[in-house]
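# quick one, what's the 3D model for this:
(2 chains)
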Amino acid sequence: MQDKNSTYNVHQLSDHLFRHESGKMVSVLTKIFGTENLGTAEDVVQQTFMDALQVWAFKGIPDNPSAWLFRVAKNKAIDVIRKNKHSVQYDFSDSERALLKSEYTLATTMENLWKEELIADDMLRMMFACCHPEISEENQITLILKTLCGFSTAEIAKSFLTSEDTVSKRLYRTREFFRQHKIKMEIPSASEIKNRNSAVLNSIYLLFNEGYNSTHSNELIRKDLIDEAILLCKLLTENKDTQLPETFALMALMYFHSSRSDSRLTTEGEIILLANQDRRKWNYNLIAKGNEYMDKAAFGNSISNYHLEAAIAFEHCTAESFGKTNWKRILELYDWLCKISPSPITELNKAVVLMQVNGAAEALQFLKGISEKNKMETYYLYHSLLGEINSRLNNSVEAKKNFETAIRLTQSKTERKMLKEKVAALLN
Amino acid sequence: MERYLYIFRGGDAVSAQQSPELLQAHMQKWGAWMKGLAEKQILDGGEPLEVAGKQVNGKNKMVIDGPFMEAKETVGGYLIVKASSLDEATEISKGCPILEHDGKVEIRQLKKVDMPK
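Numbering: from 1, shown residues only, chains lettered A, B, ... in the order given. So this is what the prediction gives:
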C-alpha cells in the first residue's frame, strides 16, 4: 500500500503534467479523428488521465510519465478506430488516415502520427482551427484554453468571471461548428497566413491580458494564463510560416509586461500603480528576453500595433524611475499607435501620457474628442482618468463625481478600494 | 478500374525467426508500401488473419479446426487494390514486403456477377 503522502504527490505532479501534456495530446488526436470528432479526442485524453491517476496512485509515478500518457492515449485511439472505422462519422479518406483502417498498418501509422517532432505543428494547426474566422473571439479563446491549455470548464469560468454553464455552451457551439463544417487541421496558405496569423495573435494577446490585468482570479490561474500565452506564441515563432515580424513583436511585448508582473500587486492582491512599483522587483531576465525578440521583430516593411506597444513597454521597463521615464518618446509612440490601430482604449492611454508631458489641461481637451464616446461613458477607467485630470486641475467637485461614477462601473474590489482612497484624498 | 484481391500466403516462418527490431522494420515496410497505394488512391482495404480458424464442410456441415495446411500455404491476410488490368495488379503486387520473407501473393480479380438474362 502507498501512504497518503505519495497519493498527494501523484495529484500534485499530475495537475501540472496533465495541463502541460493535454494540449499536445488533444492536438494529435484531433489530427487523427478530425475536428468534427473533437469531443472524442478530448474524451480519450480525459480517460487517459483518469487511468494515470488510478494506476500511479497504486504503482507510483513512472520514470517517464509523458511517455506513459502517450502510450495509453495511443492504445485508446486504436480502440476508438477499431470500433468506428466503418462509421461515416470518421473520415479516413486521406492517404495517411486510410492506413489507420487496416490492421496491417494501424499500429505503425499510429506510432508515426505521435512522433515528437510533429507535435508542435499539430498544436499550430489546432490553434488555427480554434481561430477560424467564423468563430467569435470569445469562443476562440474559450476553445484554446480548453483544448490547447488544458483548462477545465471551471477554470475557464473563473478566468473570465462567467458561469461554467456559459463556458459549456460556448464550447458546445464551437464543437458543433467543427462537426458541421469539418474544419481542416492545417496551417493556412501563404496568401492567407498574414490575416489568419493575426487572428491567432489577437487571441493569444487576449489570453495574456486576461492573466496580466485580471484582479479577480486566483494567482495560480493568472500565472498559468500568462505562461500559456507565451508558450503558444513561442510555437508560432518557431515555425517558418508563422514567424512573421508581428509574432516576434507580440512575444517581446508579453515578456516586457510579464517582467513587471510580480511588482504590480501587493501580497493581498491590491494593485500597485506604476509610479509606486519597486523597480528592483522587475525581472531583468525577462526584459532581456523581450529585447531579444524585439531584435528579431525588426524585419519586413510593416509595423504592427505589437511593435509599438512593445516599444512603449520597453521604455517603461528601461526607465530608471517613474520620474525619469521618457514620456516624450512614449507620446510619439502613442501618436503612431493611434494612427495605425485606432481605438478609444489606445486614445485613453495616450491621454494619460499627454497628462505627463503637456499637463492636465491638454489631456482634458484631448479626452473631449475621444472616439466612441458613448461606449467610453460606461468604462470605469475613462471616468477614473477624468477624475485624475480634474483633481490635478483643482476641480475637486468634478473629480469627486468622476471617481464616484468609476466606482459604480467597476467590478473589481481592488479598483474600487483605490478609487475610494482617491475620493478621500480630495476631501483633505 | 477493376478491383483485385491479393491473397497472401506464407512468410510467417521467416518473420518468426526475426528479432523484434527487424520485425518492426518489416512492419514499417508494409506501412510504406501501403502508404504508396493509399496515396495513389488504389488501396481498398485489407486485413491480416490469425493462423487458427475453423472450416465448415458440405451438407453435413462438418467442422474442422485449422490451420488446414502447412505454414507456407496458409492464407495470412488479404488486400484489395484497384488496377486497370490483371497485369497491372500483378506488377503492383511485386512491391509487397511479404515476398522478402519468401511468401507468395495470389492475385485474383473480383468478379462482377450480372443478373441472369
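# next, count neighbours for the spatially closest residue to residue A:283 that is not a sequence neighbour.
With C-beta to C-beta, 6 or more residues apart in numbering or on different chains as the criterion, residue A:283 has its nearest non-adjacent residue at 4.4 Å, and that residue is residue A:259. (Each C-beta comes from the backbone N, C-alpha and C, glycine too.) Residue A:259 has 22 neighbouring residues, counting by other C-beta atoms under 10 Å in any protein chain shown.
# you'd agree residue A:259 is up against residue A:282?
Yes: applying C-beta atoms under 8 Å as the test, residue A:259 and residue A:282 come out as touching, 5.2 Å apart.
# any residues in contact with both of the two?
residue A:317 (C-beta atoms under 8 Å, 6 or more residues apart in numbering or on different chains).
# list the contacts of stretch A:178-187.
Outside of stretch A:178-187, the residues that reach it under the criterion C-beta under 8 Å, 6+ apart are A:30-31, A:34-38, A:91, A:121-122, A:124-126, A:128-129, A:132, A:134, A:177, A:193, A:239, A:241-242.
# ok, whichever residue of chain B sits closest to chain A to residue A:190 distance?
Scanning chain B for proximity to chain A using C-beta to the nearest C-beta identifies residue B:38 as nearest, at 3.9 Å. Counting by C-beta to C-beta, to the nearest Å, the gap between residue B:38 and residue A:190 amounts to 27 Å.
# again with residue B:35
Distance from residue B:35 to residue A:190, by C-beta to C-beta: 27 Å.
# so what does whichever strand or helix holds residue A:31 touch, helix or strand wise?
Taking DSSP states H and E as the criterion, residue A:31 maps to helix A:4-33. Helix A:4-33 is packed against helix A:38-59, helix A:65-84, helix A:106-113, helix A:116-130, with contacts defined by 3 or more C-beta pairs under 8 Å, 6 or more residues apart in numbering or on different chains; DSSP states H and E.
# when residue B:35 and residue A:190 are compared, which one has more neighbours?
More neighbours sit around residue B:35 than around the other of residue B:35 and residue A:190, counting by other C-beta under 10 Å; the figures are 19 against 7.
# with adjacent residues omitted, what lies nearest to the more buried one?
Leaving aside its chain neighbours, residue B:35 sits nearest to residue A:99 (5.9 Å; criterion: C-beta to C-beta, 6+ apart).
# before we move on, what about residue A:85?
The shortest distance from residue A:85 to any non-neighbouring residue, by C-beta to C-beta, 6+ apart, is to residue A:101 (4.9 Å).
# number of residues surrounding the one you found?
Other residues within reach of residue A:101 by the criterion other C-beta under 10 Å amount to 21.
# in contact with it, which residues?
When contacts are counted by C-beta under 8 Å, 6+ apart, residue A:101 is found next to A:81, A:85, A:92, B:45.
# is it true that the second one touches residue A:98?
Just to be clear, that refers to residue A:85. No: contact between residue A:85 and residue A:98 fails when scored by C-beta under 8 Å: they sit 10.4 Å apart.
# shared neighbours of those two, anything?
When contacts are counted by C-beta under 8 Å, 6+ apart, residue A:85 and residue A:98 have residue A:92 as shared neighbours.
# when those two are compared, which one has more neighbours?
Higher neighbour count among residue A:85 and residue A:98: residue A:98, with 21 against 15, using other C-beta under 10 Å.
# hang on, that one is in a helix, isn't it?
Yes: looking at residue A:98 with DSSP: H, G, I helix; E, B strand; the rest coil, it is inside a helix.
# residues contacting it?
Residues near residue A:98 by C-beta under 8 Å, 6+ apart: A:92, B:38, B:43.
# mind pulling up the pLDDT for it?
Reported pLDDT at residue A:98 in the predicted model: 88.
# please apply the same query to residue A:215.
In this prediction, residue A:215 has a pLDDT value of 58.
# still on that earlier bit, pull out the buried residues from the contacts of residue A:98.
Judged by neighbour count, with 16 or more other C-beta atoms under 10 Å in any protein chain shown as the criterion, the buried members of the contacts of residue A:98 are A:92, B:38, B:43.
# the second one is in contact with residue A:95, isn't it?
Yes: checked against C-beta under 8 Å, the pair residue B:38 and residue A:95 is within contact range at 3.9 Å.
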